[in-house]
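Novice: I need the structure of the sequence given here:
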Amino acid sequence: MSGVEVPGAVLVTGAGSGIGEASALACAERGAPVAALDLDLEAAGATAEAARSAGAPEAVAVRCDVSDEDAVAAAVAEAEDRLGPLRGALTSAGIDRGGLVHELPLEVWEQMIATNLTGTFLTCKHVLRAMLGHGQGGSLVCVSSPVAELAVKGGASAYCAAKGGVSALSRTLALDYAEHGIRVNTIVPGATETPLMWAAVPEGEQEEMRKTVASQLAIGRLAEPAEIAEGVVWLLSDASRYATGSHLTVDGGLGATANIAV
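Specialist: You can find the predicted model right below:
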């Protein structure tokens, strides 16, 4: 995305792999300082090192459990202390554990909501506090999913519910914080080659599932994380300055078909 610049320091959760990692590196390539947050500190460290190599003037790795408010608050504070005022954030941390509702342990449901929805809430909460504190405005991008609006069979109820919550949350935040110069949008990636994509699929079934999913997409293949990251960069940048409360769908045509089977 030539000519698009990210205007300041960016915090990325789930930065150790997948869309979070790709987005952190895409921001670094535009010269933005990057805070790479992940539950896996080693993975976050690798992303931070790659971000510096890609052009970030500074990059910091922080171990963070996004479902733990104290950890999120501390991570945001460290990011601002090391990088300066946060002008952008991407909430990419997520997990996927499936199961039909009548068999789904409450513990699994609570883990899904805690990481995917509460983690998004807590990240937004503390980044918004930081942005209000420095008064320079900013842009938050929340990662949702087509399943926030398009149900799929196969025991995905907890994941669908969490992502539906993320979509609703981001719309509400957009209205509440627009007067402060803070925009909140949602990126909606389709099937993407990430560890999360295959988290609930046995290794021996992944290749066949990949072919099945690809056959249902107009483009005929899964996305690479870097392709989703381009949309994230646009939403974080001033090029999207009139966009807030929106959902940018980058799904290879998934939502355009009435024949969805996963």
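Novice: alpha carbons only for contacts and neighbour counts from here, please
Specialist: Will do.
Novice: Against residue 16, how distant is residue 126?
Specialist: Residue 126 sits at a distance of 20 Å from residue 16 (criterion: C-alpha to C-alpha, to the nearest Å).
Novice: Would you mind telling me which of these two has more residues around it?
Specialist: In terms of neighbours (other C-alpha atoms under 10 Å), residue 16 is the more surrounded of residue 126 and residue 16; the figures are 28 against 18.
Novice: quick one, phi psi at the more buried one?
Specialist: Note on residue 16: backbone dihedrals following degrees, to the nearest 10 are phi -80, psi -10.
Novice: Now for this protein, the helix or strand with the poorest mean pLDDT.
Specialist: Taking mean pLDDT, DSSP states H and E as the measure, the helix or strand of the chain with the lowest value is helix 206-215, at a mean of 79.
Novice: Where do the helices of the protein begin and end?
Specialist: Along the chain, the stretches classed as helices by DSSP state H are 18-29, 41-54, 69-83, 106-112, 119-134, 157-177, 206-215, 225-236.
Novice: So what's the gap between the longest one and the chain middle?
Specialist: Computed by C-alpha atoms, centre = their mean, to the nearest Å, the separation of helix 157-177 from the middle of its chain amounts to 12 Å.
Novice: Mind giving me the packing neighbours of it?
Specialist: Counting by 3 or more C-alpha pairs under 8 Å, 6 or more residues apart in numbering; DSSP states H and E, the packing neighbours recorded for helix 157-177 are helix 106-112, strand 138-143, strand 182-189.
Novice: Pull the longest one out as PDB, backbone CA atoms only.
Specialist: Once non-C-alpha atoms are left out, strand 182-189 reads as follows in PDB (Å, rounded to 0.1, in the frame of the first residue of the first chain):
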ATOM      1  CA  ILE A 182     -10.500   8.500  18.100                       C
ATOM      2  CA  ARG A 183     -11.700   6.200  15.400                       C
ATOM      3  CA  VAL A 184     -12.700   2.500  16.000                       C
ATOM      4  CA  ASN A 185     -13.100   0.100  13.100                       C
ATOM      5  CA  THR A 186     -13.200  -3.600  12.600                       C
ATOM      6  CA  ILE A 187     -11.200  -5.800  10.200                       C
ATOM      7  CA  VAL A 188     -13.100  -8.900   9.100                       C
ATOM      8  CA  PRO A 189     -10.600 -11.400   7.600                       C
END
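Novice: list the helices and strands it packs on?
Specialist: Under the contact definition 3+ C-alpha pairs under 8 Å, 6+ apart, strand 182-189 sits against strand 138-143, helix 157-177, helix 225-236, strand 247-250.
Novice: Name every strand pairing with that strand and say which way it goes.
Specialist: Strand 182-189 has its sheet partners listed here by DSSP bridges as strand 138-143 (parallel), strand 247-250 (parallel).
Novice: Distance check, the residue of the chain positioned farthest from its centre against residue 157.
Specialist: With distances taken as C-alpha atoms, centre = their mean, the residue sitting farthest from the centre of the chain turns out to be residue 102, at 29.1 Å. Using C-alpha to C-alpha, one gets 11 Å for the distance from residue 102 to residue 157.
Novice: now residue 214
Specialist: Here the criterion is C-alpha to C-alpha. By it, residue 214 lies 22 Å from residue 157.
Novice: List the contacts of stretch 107-125.
Specialist: Contacts of stretch 107-125 with the rest of the structure, by C-alpha atoms under 8 Å, 6 or more residues apart in numbering, involve 66-69, 72, 91, 93-97, 140, 142, 158-159, 162-163, 165-166, 169.
Novice: Buried residues in that stretch, which are they?
Specialist: 109, 111-124 (16 or more other C-alpha atoms under 10 Å).
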